[in-house]
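Visitor: Sequence and predicted structure, then a few things I'm wondering about:
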Amino acid sequence: MAKRDYYEVLGVERGSSEADLKKAYRRLAMKHHPDRNPDDKASEDMFKEANEAYEVLSDSSKRAAYDQYGHAGVDPSMGGGGAGFGGQNFSDIFGDVFSDFFGGSRGGAQRGSDLRYTLELNLEEAVRGTTVNIRVPTLVNCKPCDGSGAKKGSSPITCPTCGGIGQVRMQQGFFSVQQTCPRCHGQGKIISDPCDSCHGEGRVEEYKTLSVKVPAGVDTGDRIRLSGEGEAGAQGGPTGDLYVVINVREHAIFQRDGKHLFCEVPISFVDAALGGELEIPTLDGRVKLKIPEGTQTGKQFRVRGKGVAPVRGGGAGDLMCRVAVETPVNLGRRQRELLEEFRSSLADDNSHSPKTTGWFEGVKRFFGDL
């Protein structure tokens, strides 16, 4: 059976870069690995085919010969460079791919983990900005052993099993894979006399108090990065970062939508009918809002510049006030009499209720009464 074109096997174009070749090979190797597809002859054949194609195309001299002469240029039986499973380039990428697959990691210094802290703020703090002290649990370098994990006066030794690499190569059938060293667990070193404070870990848990400067205009979901305030790295590795995530609590009066604020303003039906002037709250104090006569419930008024100045720049938004006409309750006798008189005065005049008149006419048309 004729061999398939190596570029076709990997699913790449002839002019593909080394990075594209590697990416394509990793995808196929992970998909068709025998450990993921036990007793699947088709997957095993595709796995071998991908290995062979990548070994040739990842080697510049073999790739040049293949591009010029095809399979004959790399077939050892025909004088070519040879495509097998023992090439140095293949071994490098193979170890790289399957160290990920088997959960392996190379020994040595490792960057500390990033941390996340949720900071609760009220609306005023978020809009104006503030400085807050937070207390964060984290891992820091053990001081007695200076992060080495070994008791003072001693030091870690190179792991004799992996020679300090942190990984061991194991033969599995016709190929070999790299796995995390079972003795040093990928660290490359062994601590024979561990530190009493950290018990050989090199890090201890500790609470840190940090001052966080919150810029004006932040909103829920915004993040503040504190570089180097995460967990200490293992084996002397760099420290991770701390991400402070903002969560703005609900406000009793205002709702925020981006740079705009919204609020509901209750008014009496007398003020709505006759008009008037109301005093409404803003985050900067009270302002006057003029209500024109005949204002209906749901009418929205805009107070410019009384919203929020966004944290990323730009002018302040507006305050949107939605009017809610309130029906009076717990009426006294005289109040009821006045309202009865008022209702009677409107009985034969629909010009005062345009919405009601239009609605009833629509109902009549719906039922065919008009």
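Guide: Thanks, I have it.
Visitor: and after the longest helix along the chain, which helix or strand comes next?
Guide: If you go by DSSP state H, the chain has its longest helix at helix 41-57. Next along the chain after helix 41-57, taking DSSP states H and E as the criterion, comes helix 60-69.
Visitor: Which other helices and strands does that next one contact?
Guide: helix 41-57 (3 or more CB pairs under 8 Å, 6 or more residues apart in numbering; DSSP states H and E). The way it works is simple: take the backbone N, C-alpha and C, and place the C-beta from them, glycine included.
Visitor: Packing partners of the helix it packs on?
Guide: Going by 3+ CB pairs under 8 Å, 6+ apart, helix 41-57 lies up against helix 6-10, helix 18-32, helix 60-69, helix 88-101.
Visitor: Tell me the secondary structure at C263.
Guide: strand (DSSP: H, G, I helix; E, B strand; the rest coil).
Visitor: Correction: the previous question concerned C145.
Guide: C145 - assigned by three-state DSSP - is coil.
Visitor: What about the residue nearest to it when sequence neighbours are not counted, how many residues nearby?
Guide: Once flanking residues are discounted, C145 sits nearest to C195: 3.8 Å by CB to CB, 6 or more residues apart in numbering. By other CB atoms under 10 Å, 23 other residues sit near C195.
Visitor: Quick check: C195 vs T138, distance?
Guide: For C195, the distance to T138 (CB to CB, to the nearest Å) stands at 19 Å.
Visitor: Go ahead and confirm A126 touches I246.
Guide: Yes: counting by CB atoms under 8 Å, A126 does reach I246; the two are 6.9 Å apart.
Visitor: Mind checking what helix or strand follows the helix or strand of the chain with the lowest mean pLDDT in sequence?
Guide: The least trusted helix or strand in the chain, going by mean pLDDT, DSSP states H and E, turns out to be helix 88-101, with a mean of 44. Per DSSP H and E, the first helix or strand lying C-terminal to helix 88-101 is strand 115-121.
Visitor: picking that back up, quick check: mean pLDDT across the longest helix of the chain?
Guide: Averaging pLDDT along helix 41-57 yields 88.
Visitor: Buried ones in that helix, by neighbour count?
Guide: 43-44, 46-47, 49-57 (16 or more other CB atoms under 10 Å).
Visitor: Over to stretch 157-174?
Guide: Buried residues in stretch 157-174 (16+ other CB under 10 Å): C159, C162, G164, I165, G166, Q167, V168.
Visitor: right, and the pair among the residues you listed with maximum separation?
Guide: By the measure CB to CB, G164 and V168 form the most distant pair in the buried residues of stretch 157-174, at 11.6 Å.
Visitor: I'd like to know how far E264 sits from K189.
Guide: 65 Å.
Visitor: Between the two, tell me which one has more neighbours.
Guide: K189 (19 against 14).
Visitor: ok, T158 touching G188?
Guide: Yes: contact criterion CB under 8 Å: T158 and G188 qualify, at 7.0 Å.
Visitor: follow-up on the earlier one: between the buried residues of stretch 157-174, which sits nearest N133?
Guide: Using CB to CB, G166 comes nearest to N133 of the buried residues of stretch 157-174, at 39.7 Å.
Visitor: Tell me the pLDDT of the residue nearest to A65 when sequence neighbours are not counted.
Guide: Nearest residue to A65, sequence neighbours excluded (CB to CB, 6+ apart): G73, at 3.6 Å. Note on G73: pLDDT of 74.
Visitor: Please report the distance of G73 from K22.
Guide: Counting by CB to CB, the gap from G73 to K22 is 22 Å.
Visitor: likewise L274?
Guide: Taking CB to CB, one finds L274 at 78 Å from K22.
Visitor: neighbour count winner among the two?
Guide: Neighbours per residue (other CB under 10 Å) separate L274 from K22, with K22 holding more: 18 against 13.
Visitor: Check what pLDDT that one gets.
Guide: 87.
Visitor: what residue ranges in this protein score low on pLDDT?
Guide: Low-confidence segments of the chain (pLDDT under 70): 1, 35, 76-109, 171-176, 348-352, 354, 356-357, 359-360, 369-370.
Visitor: As JSON lines, the buried residues of stretch 157-174 with secondary structure and distance to V9 would be great.
Guide: What follows is the buried residues of stretch 157-174, written out as JSON lines (DSSP: H, G, I helix; E, B strand; the rest coil; distance: CB to CB, whole Å):
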{"residue": "C159", "secondary structure": "coil", "distance to V9": "38"}
{"residue": "C162", "secondary structure": "coil", "distance to V9": "34"}
{"residue": "G164", "secondary structure": "coil", "distance to V9": "37"}
{"residue": "I165", "secondary structure": "coil", "distance to V9": "31"}
{"residue": "G166", "secondary structure": "coil", "distance to V9": "32"}
{"residue": "Q167", "secondary structure": "strand", "distance to V9": "28"}
{"residue": "V168", "secondary structure": "strand", "distance to V9": "30"}
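Visitor: Can you tell me which of those residues lies closest to G240?
Guide: G166 (20.2 Å).
Visitor: Hmm, that closest one is touching P182, no?
Guide: No: with contact defined as CB under 8 Å, G166 and P182 do not form a contacting pair (11.1 Å).
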